[in-house]
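J.: fold the following.
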Amino acid sequence: MKSLKFNQDNINYSTYQSPFSLRYGSEEMRKIWSEENKRLTWRKVWAELAKAQSKIGLISKKELKDILENQNNLDIKRSREIEKEIYHDVMSEIKAFAEKAKIGGGKIHLGATSMDITDNADIILTKQALKIVKKRLKSLINSFAVKIEKYKNLTCMGYTHLQPAEPTTLGYRLSFYAQDLLIDLKFLKKIEELIKGKGIKGAVGTSASYKKLLSETKKTPSDLENEVMKNLGIEAIDISGQTYPRKIDLLIIEVLVNIAASLNKFNFDLRIMQSPQFGEWSEPRSSKRVGSSAMPFKKNPDKAEKVCSLCRYVSSFFSPAWANPAMSLLERTLDDSAAKRIFLPESFLAIDECLKTTDDLVSGLTVFEKVVKNNLERYGLFSATESVMMEASKKGADRQEMHELIRELSMKAWEEIQIGKLNPLKELILKNKKIKKYLSEKEIERLLNPNDHIGNALEKTENFLKKIKPIAKTRII
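T.: Purely as a prediction, here's the structure:
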């Protein structure tokens, strides 16, 4: 049998692959969290450390040249072979690097501990990933803005407890989802200034090894750290143990969990509104899309369901992200490492997929305006009865008596609706002598118009649009 070990996409089908390798997330995001990019970023940190050390005479120009020439000469297979023997991924990469850089290899990692390399690299990768998230957030907010503008005047039935409540507008409802995303974007920007690397601080954060290395120079460990971090393009945290504070990871995951909550809300609502009982919205569908292997007629909201599933997965990472800073004992324990290797890349890949998919769903959202109107006509009368009650009370009716009377009429109307008939509430009110004692037929007709019961939804929607329209046009930094 011919081996299926590697296909044209360079994926090994003969061993386990994560769904994030094959199904979820963009190539752009996958590349950031790839093994290759991770190791190249480690080497970038080693190279910048070597450059800074060379400036103060700790590494010769010849050694530095050799290190830099072999910086991108990766041999992951060789590094993995070494790791099987020594059970240490960073030392394995150092050894594989040194085998290529035969002149300068002996000076790689001089004075450093593993976390001086990997922690700074993780922050570089995280910042790259957050840049993509920010870009996708802005794009999605812009897609919502387009739909909000289109539907700002479309009155629809509002629902609380999944029961008809009062009319709103579709533009106003869509603004609710966009506002959540705007909060997420602001939170992301807020925490960006807190995302800092470990710096170059050694085994327990005191820079003891670097102080010894620099003892015969005029440079301090802080000078060395500043030089390296400046060239890496990230800031160093003021105080660290062996690692940067794992609270930083918690902040990052909190941003992604918040985004997941926002995306889940919209996609869950889309699933509800696509169900035949509501029938007002639908996912965009291609002509060849299959809904079910058993039931050919199905039009499942499976893209929205996928987003909800992945959002649920992202939310589960809050617990280990919380435990890592809370349970990292003294200067450091290693029980943060395995979980971090999983939740950092996978949370970003999941959110990347969710943002991309939701953007497609919003951009292509199908709104069945006739169904929206039918639902409004069927249920909007109920919410309009409050105006009838208040207007009658203003003209001398007992408010409590009107409340009870309209409640009784409403219950009769519900009985008719629930056996498949049209809503008779309007006729019941128009025929009621107690109500007509205070209100004319013309007044009742006016008061029962659902379009007159949307409050200031249009004004608020237009004001909100002014806030979000410029967002997607801003340059991502």
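J.: what is the top helix by length along the chain packed up against?
T.: Under DSSP state H, the helix in the chain containing the largest number of residues is helix 114-151. Secondary-structure packing of helix 114-151 (3 or more CB pairs under 8 Å, 6 or more residues apart in numbering; DSSP states H and E): helix 27-32, helix 35-55, helix 89-100, helix 170-192, helix 221-232, helix 247-274, helix 337-363, helix 457-468. All C-beta spots, glycine's among them, are computed from the backbone N, C-alpha and C.
J.: okay if I get the ones you listed as a markdown table plus mean neighbour count?
T.: Shown next, in a markdown table, are the helices and strands packed on helix 114-151 (neighbours: other CB atoms under 10 Å):
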| stretch | mean neighbour count |
| --- | --- |
| helix 27-32 | 16 |
| helix 35-55 | 20 |
| helix 89-100 | 20 |
| helix 170-192 | 19 |
| helix 221-232 | 19 |
| helix 247-274 | 22 |
| helix 337-363 | 21 |
| helix 457-468 | 16 |
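J.: so which of these gets nearest residue 70?
T.: helix 89-100 (4.3 Å; CB to CB).
J.: okay, that closest one in CSV with CA atoms only?
T.: The C-alpha coordinates for helix 89-100 follow below in CSV (Å, rounded to 0.1, in the frame of the first residue of the first chain):
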residue,chain,number,x,y,z
ASP,A,89,13.5,21.4,23.9
VAL,A,90,15.4,24.7,24.4
MET,A,91,18.8,22.9,25.0
SER,A,92,18.1,20.7,22.0
GLU,A,93,17.6,23.7,19.8
ILE,A,94,20.8,25.3,21.1
LYS,A,95,22.7,22.1,20.3
ALA,A,96,21.2,21.9,16.8
PHE,A,97,22.0,25.6,16.3
ALA,A,98,25.6,25.1,17.5
GLU,A,99,26.1,22.1,15.2
LYS,A,100,25.5,24.5,12.3
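J.: if I've got this straight, residue 110 is in a strand?
T.: No. The assignment for residue 110 by DSSP: H, G, I helix; E, B strand; the rest coil gives coil, which leaves it out of any strand.
J.: ok, the residue nearest to it when sequence neighbours are not counted - contacts?
T.: The shortest distance from residue 110 to any non-neighbouring residue, by CB to CB, 6 or more residues apart in numbering, is to residue 53 (6.0 Å). Neighbour list for residue 53: 59, 107, 110-111, 213, 224 [criterion: CB atoms under 8 Å, 6 or more residues apart in numbering].
J.: next, the contact list for the spatially most central residue of the chain, please.
T.: In the chain, the C-alpha nearest the mean C-alpha coordinate belongs to residue 259, at 3.5 Å (CA atoms, centre = their mean). Shown in contact with residue 259 (CB under 8 Å, 6+ apart): 133, 137, 181, 184, 351, 354-355.
J.: thinking again about what came up before, reformat the contacts of residue 53 as a markdown table; add distance to residue 253 and pLDDT.
T.: As requested, those are exported to a markdown table (distance: CB to CB, whole Å; pLDDT from 0 to 100):
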| residue | distance to residue 253 | pLDDT |
| --- | --- | --- |
| 59 | 38 | 95 |
| 107 | 37 | 95 |
| 110 | 34 | 94 |
| 111 | 32 | 92 |
| 213 | 36 | 93 |
| 224 | 31 | 95 |
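J.: can you pull the pLDDT of residue 436?
T.: Per-residue pLDDT puts residue 436 at 89.
J.: equivalent analysis for residue 7, please.
T.: pLDDT at residue 7 comes out at 52.
J.: again, but for residue 25
T.: For residue 25, the predicted pLDDT is 94.
J.: so where is the stretch 251-400 of the chain shaky, pLDDT-wise?
T.: 286-298 (pLDDT under 70).
J.: hang on, the earlier thing: out of the contacts of residue 259, who's nearest residue 451?
T.: For the contacts of residue 259, the nearest to residue 451 is residue 181 (28.5 Å; CB to CB).
J.: the closest one touches residue 142, doesn't it?
T.: No. Using CB atoms under 8 Å, residue 181 is not in contact with residue 142; the gap is 10.3 Å.
J.: domains in the chain, by residue range?
T.: Annotated domains of the chain cover 18-112+199-236, 119-197+244-477 [automatic domain parsing].
J.: same list, these, but as CSV with distance to residue 12 please.
T.: Listed next are those as CSV, based on distance: least, CB to CB, whole Å:
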stretch, distance to residue 12
domain 18-112+199-236, 9
domain 119-197+244-477, 18
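J.: tally of neighbours for residue 233?
T.: By other CB atoms under 10 Å, the residues close to residue 233 number 12.
J.: one more: residue 442?
T.: 8.
J.: for it, give its distance to residue 435.
T.: 13 Å (CB to CB, to the nearest Å).
J.: can you check residue 456 too?
T.: Applying CB to CB to residue 456 and residue 435 gives a distance of 28 Å.
J.: equivalent analysis for residue 279, please.
T.: 33 Å.
J.: more neighbours: which of these two?
T.: Ranked by neighbour count (other CB under 10 Å), residue 279 and residue 435 place residue 435 first, with 23 against 15.
J.: helix, strand, or coil at the closest residue to the more buried one other than its chain neighbours?
T.: Nearest residue to residue 435 in three dimensions, chain neighbours excluded: residue 429, at 5.8 Å (CB to CB, 6+ apart). Using three-state DSSP, the structure places residue 429 in helix.
J.: residue 429: what's it in contact with?
T.: 385, 388, 406, 409, 435, 444, 448.
J.: quick check, pLDDT for it.
T.: 90.
J.: residue 32 is in contact with residue 129, correct?
T.: Yes. With contact defined as CB under 8 Å, residue 129 reaches residue 32; the gap is 5.3 Å.
J.: between these two, what contacts are shared?
T.: residue 348.
J.: before we move on, the earlier item: what comes up buried for the longest helix of the chain?
T.: 114-130, 132-134, 136-145, 147-148, 151 (16 or more other CB atoms under 10 Å).
J.: residue contacts, the residue nearest to residue 305 when sequence neighbours are not counted?
T.: Distances taken as CB to CB, 6+ apart place residue 271 nearest to residue 305, at 6.5 Å, with adjacent residues excluded. Residue 271 is in contact with 301, 304-305, 308, counting by CB under 8 Å, 6+ apart.
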